[in-house]
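**Student:** Here's a sequence, model it:
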Amino acid sequence: MEEQIKIIRQFPEVGEVEEISALTSGLINQTYYVKTKNPSEPDYVLQRINHLIFTDVKMLQHNIDLVTSHIRQKLEDKNESDIDRKVLRFLPTADGQSYYFDEATGYWRVSVFIKDSKTMSEVTPESSYLVGLKFGEFEAMLADIPEPLGDTIPNFHNMEFRLQQLHDAVAANAAGRLEEVQSLVDAIEKDADEMCMAERLHREGKLPKRICHCDTKVSNMLFDEDGKVLCVIDLDTVMPNFVCSDVGDFLRTAANTAQEDEADLSKISFRMDVFTNFIRGYMESARCFLTSQEIELLPFSAMLFPYMQAVRFLTDYINGDTYYQIKYPTHNLVRTKAQFDFYQKVREQLPAMKAYIAELLK
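**Tutor:** Residues are numbered from 1 along each chain as shown. Predicted coordinates for the structure are as follows:
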């Protein structure tokens, strides 16, 4: 706690601290709950930013400052009540920065803890609708943000880039595994041109990039005690991207009946009830800014992300498991087969997905 106390003192708005305890949620940044002694003062969230993943912390925090201030202004313009519960607020350091750099421990930031809030992890048709509604609203509020945002993780959801990584891995065959997976490589290559559609349409000026969250999970929203959505959290990955990112990223895990590394492919199927409820919510709040091209690509988004993840797992397997943590020697290969199988099962539902969206548009 001594180390965290030293850091928290760099944010003068924080009063006397009673206790600092680790929060278990969050896979990338180290996060702590800061309880203050004065009952009239809020509690806080202290985070150490993982600068190995987010290499440009200044740009990362500038993005977050732009996003939160723009959303706050939108809420004020609508005369919303309880605004401090509906958008995150980060504290300045003594010199006005939104993060503090400590030579021994790295980069830190502090936000106000939103009292009487909770996260959810269960994916149901109802929670899928709420996720779609809230992330569509999030994109809609940021559709007119006046200043461009930077890419906190360059090429994060770039399909062409991920395929090039696979091609490089195949050419090097560093772990001598290519012969074993050649049929999988061939199957992936068969659909490669189609799955790079978004990047192509963007170059042709037909598909815009929006400000997207890029990590759309039900656990990345806060709810009040009545189950109403308060705000979107975990803003590190907010950056320009295609709306495919926020749609496909959620559906890849939420609409799969199995885990991403399920070895028994018979357990894998695509949950149309999750798809329809998410899309219903998303269209309700995002239709105000979506182009016809973006709406047309919503079913494609559901296919794109399991395909992209299959490419990433296969690349890592061919490279000798240098990126993802594995629990056993063929873990990345099992993951690849599971994701590619899910991609194929999503593709089978393409006519049904298109028909559902056509009904929504009537």
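
**Student:** Please report how far R72 lies from D84.
**Tutor:** Using Cβ to Cβ, to the nearest Å, R72 is found at 9 Å from D84. In short, each C-beta sits where N, CA and C put it, glycine included.

**Student:** of the two, who's got more company?
**Tutor:** A count of neighbours by other Cβ atoms under 10 Å puts R72 above the other of R72 and D84, at 18 against 14.

**Student:** Next, find the distance separating that one from T93.
**Tutor:** Looking at R72 against T93, where the rule is Cβ to Cβ, the gap reads 20 Å.

**Student:** For the residue of the chain most remote from its centre, pull up the helix or strand it's in.
**Tutor:** The C-alpha centroid of the chain is most remote from N38, which lies 35.1 Å away (Cα atoms, centre = their mean). With the criterion set as DSSP states H and E, no secondary-structure element contains N38; it sits in neither a helix nor a strand.

**Student:** Just list the residues touching it, thanks.
**Tutor:** Residues counted as contacts of N38 (Cβ atoms under 8 Å, 6 or more residues apart in numbering) are G15, E16.

**Student:** so what's A263 up against?
**Tutor:** Contacts here follow Cβ under 8 Å, 6+ apart; on that basis A263 touches V334, A338.

**Student:** quick one: pLDDT of it?
**Tutor:** Among the per-residue scores, A263 holds a pLDDT of 98.

**Student:** which SS state does it fall under?
**Tutor:** State at A263, reduced to three classes by DSSP: H, G, I helix; E, B strand; the rest coil: coil.

**Student:** how close does it sit to L333?
**Tutor:** With distances defined as Cβ to Cβ, the gap from A263 to L333 amounts to 10 Å.

**Student:** How about L350, nearest residue that isn't a chain neighbour?
**Tutor:** With Cβ to Cβ, 6 or more residues apart in numbering as the criterion, L350 has its nearest non-adjacent residue at 5.5 Å, and that residue is P299.

**Student:** got the contact list for that neighbour?
**Tutor:** Contacts here follow Cβ under 8 Å, 6+ apart; on that basis P299 touches L350, M353, K354, I357.

**Student:** buried set for the helix or strand that E19 is a member of?
**Tutor:** Using DSSP H and E, the secondary-structure element containing E19 is strand 17-22. Burial within strand 17-22, assessed by neighbour count using 16 or more other Cβ atoms under 10 Å, is assigned to V17, I20.

**Student:** Now do that strand, average pLDDT.
**Tutor:** Model confidence over strand 17-22, given as mean pLDDT, is 92.

**Student:** how near is L304 to T257?
**Tutor:** With the distance defined as Cβ to Cβ, L304 ends up 19 Å from T257.

**Student:** Looking at those two now, which is surrounded by more residues?
**Tutor:** L304 (28 against 13).

**Student:** That one contacts E160, correct?
**Tutor:** No: counting by Cβ atoms under 8 Å, L304 does not reach E160; the two are 12.0 Å apart.

**Student:** just the strands in the stretch 151-300 of the chain please.
**Tutor:** Taking DSSP state E, counting those that start in this stretch as the criterion, the stretch 151-300 of the chain carries its strands at 210-212, 221-223, 229-232, 239-241.

**Student:** just how off-centre is the second one within its chain?
**Tutor:** To tie it back to what came earlier, the one meant is strand 221-223. Centre-to-centre, strand 221-223 and its host chain are 14 Å apart (Cα atoms, centre = their mean, to the nearest Å).

**Student:** need the contact list for the residue nearest in space to the middle of the chain.
**Tutor:** With the centre of the chain defined as its mean C-alpha position, the nearest residue by Cα atoms, centre = their mean is D215, 0.6 Å away. In this structure, D215 makes contact with D234, D236, T237, D249, judged by Cβ under 8 Å, 6+ apart.
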